[in-house]
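>>> all I have is the shape, not the residue letters:
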Ligand code: VAH
């Protein structure tokens, strides 16, 4: 199958691209960033900007993908720093991608939404169909992307589907998110022997280990459209507090020093998100089920990070 992936130079792409190549897909990437050395050599890497409609159209016209995975985005912390850029990339970028899909008959557009689509005050576990009142530029543009995709589906028949990801934990460098403290406890803890998290120990949001996240993308993408009762699905795995993550790291890295100093800006973003998600629609419609809990994720991730070439 021919797949085009926007923004694949980020944290998700690092794990998604090798999986696509391994299953025999013909993969093209569209990203502003240059091709990283770790990217499989089979991938065709096109450099371009999702905010420039012409560049997106040219890339989609040349690649003629069966499916387009739209990962390009400015995340929550960076989005508050450069809100105009976040609007351009997340809103106009998404519109350009959907418009290209319509013009060049792309079979499916897969959208990566987020728990940041939710705002404060929702009673956990938070389901799919609640009032979406995010307080960040990132969150509001992701809600806009969800709604725009559904509009393209209704109006032009574009097969639009996607997930609301929790914070994602993996060995790859994240790009300006608020959930990054969890990953840094492992990566910096191992590399430097210490890390000061920018949140309180009690902070709690949903998280997911990247192998589960990549599997969710592939499973929802492969699901028959007729089995889907909706386009965008909550998916959940674990909801540890920052203190529980720190304990899991301390148990596995003897002597590591993990401390907490809450940064008001990022803490406010974090506190506006749900602590626990209800993902029963995903479980019912396409059989979603997470595999990794906090312990098995910690074991697997640290084993990967301990392989000599992995620590960034
Ligand atoms: C962020 N990692 O922190 C992203 C995510 C759960 C939020 O979408 O901005």
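Happy to help now that I have it. Predicted model only: the values in this text are computed from it and were never measured.

>>> for the longest helix along the chain, packing partners?
Longest helix in the chain by number of residues (criterion: DSSP state H): helix 137-156. With contacts taken as 3 or more C-beta pairs under 8 Å, 6 or more residues apart in numbering; DSSP states H and E, helix 137-156 sits against helix 76-81, helix 83-87, helix 93-103, strand 108-114, strand 160-165, strand 232-234. C-beta: built from backbone N, CA, C; applies to glycine.

>>> in that helix, what counts as buried?
137-146, 148-150, 152-153 (16 or more other C-beta atoms under 10 Å).

>>> quick check: residues of the stretch 51-200 of the chain near the ligand?
75, 76, 114, 115, 116, 138, 165, 166, 167, 177, 178, 179 (C-beta under 6 Å from any ligand atom).

>>> nearest to the ligand: which residue in the stretch 151-300 of the chain?
As assessed by C-beta to the nearest ligand atom, the ligand sits closest to residue 177 within the stretch 151-300 of the chain, at 2.6 Å.

>>> my read: that residue touches residue 74, true?
No - using C-beta atoms under 8 Å, residue 177 is not in contact with residue 74; the gap is 9.9 Å.

>>> all helices of this structure, in order?
Using DSSP H, helices in the chain cover 11-22, 53-63, 76-81, 83-87, 93-103, 137-156, 180-192, 210-222, 242-252, 264-271, 280-286, 294-306.

>>> what helices and strands are in contact with the second one?
What it means is helix 53-63. Going by 3+ C-beta pairs under 8 Å, 6+ apart, helix 53-63 lies up against strand 2-6, strand 26-31, strand 44-47, helix 93-103.

>>> rewinding a little: got a list of contacts for the longest helix of the chain?
73-76, 79-80, 83, 86-87, 90-91, 94-95, 98, 101-102, 109, 111, 113-114, 116-119, 132, 134, 158-160, 162, 231-232, 272 (C-beta atoms under 8 Å, 6 or more residues apart in numbering).

>>> derive a ChimeraX selection command for the buried subset of the residues you listed.
Only the buried entries of the contacts of helix 137-156 go into this ChimeraX selection, using 16+ other C-beta under 10 Å:
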select :73,74,75,76,79,80,83,86,87,90,91,94,95,98,101,109,111,113,114,116,117,118,119,134,158,159,160,162,231,232,272
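
>>> how about the residue of the chain most remote from its centre: what's its closest non-neighbour residue?
Here the chain reaches farthest from its C-alpha mean at residue 255, the gap being 31.5 Å by C-alpha atoms, centre = their mean. In space, and not counting its chain neighbours, residue 255 is closest to residue 193: 6.8 Å by C-beta to C-beta, 6 or more residues apart in numbering.

>>> and residue 269, by the same measure?
For residue 269, the spatially nearest residue (C-beta to C-beta, 6+ apart) is residue 178, at 4.6 Å.

>>> quick check on that neighbour: phi, psi?
Dihedral angles phi and psi of residue 178 (degrees, to the nearest 10) take the values phi -100, psi -30.
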